[in-house]
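K.L.:
Need coordinates for the below:
(2 chains)
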Amino acid sequence: NAGVTQTPKFQVLKTGQSMTLQCAQDMNHEYMSWYRQDPGMGLRLIHYSVGAGITDQGEVPNGYNVSRSTTEDFPLRLLSAAPSQTSVYFCASSRGLAGGGYEQYFGPGTRLTVT
Amino acid sequence: SQQGEEDPQALSIQEGENATMNCSYKTSINNLQWYRQNSGRGLVHLILIRSNEREKHSGRLRVTLDTSKKSSSLLITASRAADTASYFCATALIQGAQKLVFGQGTRLTINP
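P.N.:
Numbering: from 1, shown residues only, chains lettered A, B, ... in the order given. Below you'll find the model as predicted:
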């Protein structure tokens, strides 16, 4: 299994441009999520999905859109990039554990710079 | 706002010593998890402890959970240079246990 894959690894955007960060998983996990990681801030949840066709907002959803048309893919769209969206973006999917609880598997991240 | 707060923010020890990191949180949880992040990489799941558990072991890792104090600790015994990484605690709330809220992390450096 490839696990969770993300593309691109690096991206530079100008203010106002739009783009889509791609995320795919081959583990047949229902739950997927997007986080951003800023220095000293840990990870903050942007959007998540509990299955194909179902998405919901996390802690910091403004400026981002998501869709989930298949179990495998969960793209994150930046509508109009702003310098405040400069960050490292991580996609994750999760599996249930015996006895309860979920373990998250993370992709390698996309480092985005908005100038 | 962040659910978990970690202490210390940075820790530097000699190889072979034990490393202890602490995490405090604010609301009731379903479980608490610890993740490791090597520089420039994604997070990797280390261990999960449920709200009805007090202590859990996995190899050189020992995690404790005190729900009355809303705190957890991660102990790494006999540290190695390869343990150098950032360590994050993450809490799963009772409602929506798949959603995790991460702390700010502890940056651990193991000196050879």
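K.L.:
Show the backbone phi and psi for residue A:70.
P.N.:
For residue A:70, the backbone dihedrals are phi -130, psi 160 (criterion: degrees, to the nearest 10).
K.L.:
what does the model give residue 78 for pLDDT?
P.N.:
Using chain A here. Per-residue pLDDT puts residue A:78 at 97.
K.L.:
The intended chain is chain B.
P.N.:
Looking at residue B:78, the pLDDT reads 98.
K.L.:
residues contacting it?
P.N.:
B:16, B:18, B:60 (CB atoms under 8 Å, 6 or more residues apart in numbering or on different chains). No exception for glycine: its C-beta is placed from N, CA and C like everyone else's.
K.L.:
could you show me where the helices are in the chain, in order?
P.N.:
By default, I'm working from chain A. In chain A, no helices are defined using DSSP state H.
K.L.:
For chain B, what is the nearest residue in it?
P.N.:
Chain A approaches chain B most closely through residue A:106 (3.4 Å), counting by CB to the nearest CB.
K.L.:
Which residue, other than its chain neighbours, is closest to whichever residue of chain B sits closest to chain A?
P.N.:
Per CB to the nearest CB, residue B:42 is where chain B lies closest to chain A, at 3.4 Å. Once flanking residues are discounted, residue B:42 sits nearest to residue A:106: 3.4 Å by CB to CB, 6 or more residues apart in numbering or on different chains.
K.L.:
ok, now residue A:74?
P.N.:
Among residues not flanking residue A:74 along the chain, residue A:32 sits closest, at 4.2 Å (CB to CB, 6+ apart).
K.L.:
per-residue pLDDT, the one you found?
P.N.:
So residue A:32 comes in at 95 (pLDDT).
K.L.:
thinking it is in contact with residue A:93, fair?
P.N.:
Yes. If you go by CB atoms under 8 Å, residue A:32 and residue A:93 touch, sitting 4.7 Å apart.
K.L.:
Counting neighbours, what do you get for residue A:14?
P.N.:
If you count neighbours by other CB atoms under 10 Å in any protein chain shown, residue A:14 ends up with 8.
K.L.:
I'd like the distance between it and residue A:88.
P.N.:
Counting by CB to CB, to the nearest Å, the separation of residue A:14 from residue A:88 is 19 Å.
K.L.:
wait, what's in contact with residue B:99?
P.N.:
A:33, A:45, A:48, A:58, B:92, B:93 are the contacts of residue B:99 under CB under 8 Å, 6+ apart.
K.L.:
Kindly give a single PyMOL line that selects the buried subset of these.
P.N.:
Only the buried members of these enter the following PyMOL selection, criterion being 16 or more other CB atoms under 10 Å in any protein chain shown:
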select buried, (chain A and resi 33+45+48+58) or (chain B and resi 92+93)
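K.L.:
thinking again about what came up before, for the contacts of residue B:78, pick the one with the most neighbours.
P.N.:
Among the contacts of residue B:78, residue B:60 has the most neighbours (other CB under 10 Å), with 14 neighbours.
K.L.:
Setting the sequence-adjacent residues aside, check what's closest to that one.
P.N.:
Counting by CB to CB, 6+ apart, residue B:60 lies nearest to residue B:77, which is 4.8 Å off, once chain neighbours are set aside.
K.L.:
how about the contacts of residue B:99 in TSV, adding distance to residue B:33?
P.N.:
Below are those laid out as TSV (distance: CB to CB, whole Å):
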residue	distance to residue B:33
A:33	14
A:45	14
A:48	16
A:58	17
B:92	7
B:93	12
